[in-house]
Structure formats: structure tokens, C-alpha cells
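Asker: any chance you could fold what I've pasted below:
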Amino acid sequence: AARARLATVSGFATGRAYGPLDSIPAVSVGGDLDPWRNVVAEHPGLAERIASEQSYYLAARAARRQQWPDLDVRASYGFRADLAPEYATAHGSTVQENMITATVAFSLPLFSGGREQAEARAMEAMARTEEYERAQMELELLEMVEAAHARARAGERIVGLLADTVLVMRERALAAAWSAYSSGGADLASTLATAHDYYESALEIADARYELAMAQAELLSLTARPEMLGVTLPDPTSRRK
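Answerer: You can find the predicted model right below:
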């Protein structure tokens with residue numbers, strides 16, 4: 001089930017033969033939080049809010065402009081075809097001169113001032129709502145990015161500590177315990193207890209690596225910037241071919 005879901009999110013067609021999974025790349029989120037905070041401003045959700053906010057402000061401006069007289073000036077140039085011979089002028093000419101038409105019109109909003117004012121205020125209220133929701137979304141994204149970055153940094157330290165110190169020490173202790181048991185210097189129960197401690201540490205590392213990968217994946221989903229993790233994501237379109 002997990003592999004089928006992985007194939008779906010990776011762009012593979014379902015029903016394919018699954019090969020061995022690639023190992024998780026050794027990546028790091030880095031100690032500096034500022035680059036991750038800076039890319040939050042490029043989030044597509046924020047761009048959508050900004051566009052919606054600007055559209056409401058433009059609609060409010062357009063509504064207010066309708067309260068003032070509107071001057072409409074138009075001009076056109078018309079090409080006229082020659083007349084048929086039977087419709088020739090009294091002088092026998094069939095040529096018609098081209099025409100230039102100009103119109104000037106005024107639009108006087110005599111009875112629509114209150115309605116346009118109400119519409120403009122409504123559009124501005126919608127724009128302020130979008131502005132507030134955009135600011136709220138940005139704060140929530142920053143909060144999630146900071147939390148995920150903190151979990152990833154903590155996970156990197158925990159994995160490093162367990163793999164480089166705890167597991168190494170318990171592996172050496174297990175080797176010494178088996179050696180002592182083989183020479184008759186230790187009983188089987190204490191040797192198995194030492195082995196249990198070693199395998200427990202190995203499971204702790206697996207859990208810590210899982211939590212680290214989840215934190216890194218959350219950062220990736222929030223920012224869509226895999227290059228900041230030092231990884232290159234495959235193109236889903238190429239995998240469907």
C-alpha cells in the first residue's frame with residue numbers, strides 16, 4: 001500500500017512492477033533559518049491572496065470613477081467602395097470619398113452616486129479582508145516553517161548522536177559480550193540483554209530518521225524548494241512515459 005501511494009505521488013502509473021526503494025539521501029536543512037523564512041513570500045497561496053486583494057482595490061477605484069462625468073470621444077475612418085456604373089453621380093463619377101466620423105459624448109451619473117459609493121466601500125472591505133487573510137496565512141506559514149526547521153535540526157542532532165555514539169558503544173559492548181560468552185566468562189542471559197540494548201538503539205535510530213525525514217518533507221511541501229535541501233526531484237511527466 002505504501003509503495004502504491006509512493007508511485008502515485010511520484011507520477012508513476014499504477015500497476016507497475018516495483019523495484020527496490022532508493023535510500024533516503026543524506027541531506028541537511030542547514031543551521032540558518034532566514035533562507036527558509038525568505039522563500040515563504042514566494043508561496044503560491046500568498047500570490048493568490050495578493051492578486052485577489054489587488055483586484056478588489058481596482059474594482060473599488062472603478063466604482064468610484066463612475067461617480068464623475070465620463071467623457072467619451074470616438075473617431076473612425078471608413079473606406080467606401082466605388083459605385084456601380086448605374087448609380088454614377090450626375091457628373092458620371094463612380095468614386096466615393098472615404099469618411100471620417102467623430103463622436104463626443106458625456107455620461108452624467110445623476111442618480112447613481114449612492115450606489116457606486118456603496119459598491120466601492122464593499123470592494124474595499126473585501127480587499128481589506130483579503131489583506132488580513134494573506135497576513136494571517138503568511139504568519140501561519142512562517143510558524144510552520146520555523147517549527148519544521150527546528151524539528152529537522154533536532155532530528156539531525158539526534159540521529160548523529162545515536163549513530164555515531166550510542167549505537168557504536170552498544171555495538172562494541174555486544175561484541176565484547178558475545179566474546180565473553182564464547183569464552184565462558186558471561187552467561188547467555190546477560191549477553192542477550194546486551195543484544196537487546198543494541199537492537200533497541202537501532203530501532204531508536206530508525207524512528208529518529210523517520211521523524212527527520214518527515215520534518216524535511218514538511219519543509220519541502222511548505223516551500224517547494226528542493227535545492228535548499230541539496231536534492232533534485234524527478235520530473236513526474238517523464239515518469240509517466
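
Asker: and the helices in the chain?
Answerer: 2-10, 34-38, 44-65, 113-161, 167-182, 188-223, 236-239 (DSSP state H).

Asker: any chance of these in JSON lines, with mean neighbour count and distance to residue 102 too?
Answerer: Heads up, the C-betas are built off the backbone N, CA and C, glycines and all. Output for the helices of the chain, formatted as JSON lines (neighbours: other Cβ atoms under 10 Å; distance: least, Cβ to Cβ, whole Å):
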{"stretch": "helix 2-10", "mean neighbour count": "11", "distance to residue 102": "63"}
{"stretch": "helix 34-38", "mean neighbour count": "13", "distance to residue 102": "55"}
{"stretch": "helix 44-65", "mean neighbour count": "15", "distance to residue 102": "24"}
{"stretch": "helix 113-161", "mean neighbour count": "16", "distance to residue 102": "29"}
{"stretch": "helix 167-182", "mean neighbour count": "15", "distance to residue 102": "89"}
{"stretch": "helix 188-223", "mean neighbour count": "16", "distance to residue 102": "57"}
{"stretch": "helix 236-239", "mean neighbour count": "10", "distance to residue 102": "55"}
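
Asker: can I get those helices in JSON lines including distance to residue 83 and mean pLDDT?
Answerer: Shown next, in JSON lines, are the helices of the chain (distance: least, Cβ to Cβ, whole Å; pLDDT from 0 to 100):
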{"stretch": "helix 2-10", "distance to residue 83": "72", "mean pLDDT": "73"}
{"stretch": "helix 34-38", "distance to residue 83": "72", "mean pLDDT": "87"}
{"stretch": "helix 44-65", "distance to residue 83": "46", "mean pLDDT": "86"}
{"stretch": "helix 113-161", "distance to residue 83": "50", "mean pLDDT": "88"}
{"stretch": "helix 167-182", "distance to residue 83": "101", "mean pLDDT": "91"}
{"stretch": "helix 188-223", "distance to residue 83": "72", "mean pLDDT": "90"}
{"stretch": "helix 236-239", "distance to residue 83": "62", "mean pLDDT": "55"}
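
Asker: can you redo these as JSON lines with distance to residue 89?
Answerer: Putting these into JSON lines (distance: least, Cβ to Cβ, whole Å) gives the following:
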{"stretch": "helix 2-10", "distance to residue 89": "79"}
{"stretch": "helix 34-38", "distance to residue 89": "76"}
{"stretch": "helix 44-65", "distance to residue 89": "48"}
{"stretch": "helix 113-161", "distance to residue 89": "52"}
{"stretch": "helix 167-182", "distance to residue 89": "107"}
{"stretch": "helix 188-223", "distance to residue 89": "77"}
{"stretch": "helix 236-239", "distance to residue 89": "68"}
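
Asker: appreciated, that's everything.
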